[in-house]
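*Asks:* 3D, please:
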Amino acid sequence: LDIVDRTDGNVAGIDLNCGCPQAIARKGRYGAFLMEDDPHLVGDVLSRLRQTLPHNVGVSAKIRLPIDETMLQDRIQRLVESGVDLITVHGRNLKENKTKVREANWDAIALATRIAREHSGNEDFPVVANGGIEYGSDVDKCLQHTGASAVMSSESLLENPA
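*Replies:* Now for the predicted structure:
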């Protein structure tokens, strides 16, 4: 990894997006498809990033909920063990999208937040909730419901930030 050298050290962090559900990600076996197919490889990649990059360069990962809900604990623990500094959890699985499944599963994001904090031993371990944010007022509701550190939003909130 010579990214730090090639950018003269101007890298704040690297995020591995294991949440992309697009068809191109299926074809290329990356994003949410890689996480579903081989979470061990994702953990290995993140561990290698953390071991290789200077400690002032953050390492984070964005994931979707696993299709098999019983895998959530293992998946979050594996991410924490890889050494990531932050985890973003999208509240839908690979088979769900916001058109078919309006609501994001904030209960599962809350569980992921608890698991990350318990497993890391850090009650403030940063977890970002993603999904189900349509209005500005949803941000506070999501934070209260999930206990997450922050919220990531996309189209809906950008269309109507009020």
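*Asks:* can you name the next helix or strand after the helix or strand where residue 72 lies?
*Replies:* Element membership of residue 72, judged by DSSP states H and E, is helix 72-82. Next helix or strand after helix 72-82 toward the C-terminus (DSSP H and E): strand 86-93.
*Asks:* pull the helix holding residue 72 out as PDB, backbone CA atoms only.
*Replies:* Taking Å, rounded to 0.1, in the frame of the first residue of the first chain, the C-alpha atoms of helix 72-82 are listed here in PDB:
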ATOM      1  CA  LEU A  72     -24.800 -10.400  12.500                       C
ATOM      2  CA  GLN A  73     -22.900 -11.000  15.700                       C
ATOM      3  CA  ASP A  74     -20.100 -12.900  14.000                       C
ATOM      4  CA  ARG A  75     -19.800 -10.300  11.200                       C
ATOM      5  CA  ILE A  76     -19.600  -7.300  13.600                       C
ATOM      6  CA  GLN A  77     -17.100  -9.100  15.900                       C
ATOM      7  CA  ARG A  78     -14.900 -10.000  12.900                       C
ATOM      8  CA  LEU A  79     -14.900  -6.300  11.800                       C
ATOM      9  CA  VAL A  80     -13.900  -5.200  15.300                       C
ATOM     10  CA  GLU A  81     -11.200  -7.800  15.500                       C
ATOM     11  CA  SER A  82      -9.800  -6.700  12.100                       C
END
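*Asks:* can you show me the strands along this protein?
*Replies:* Ranges of strands in the chain, per DSSP state E, are 13-18, 58-65, 86-93, 127-130, 150-152.
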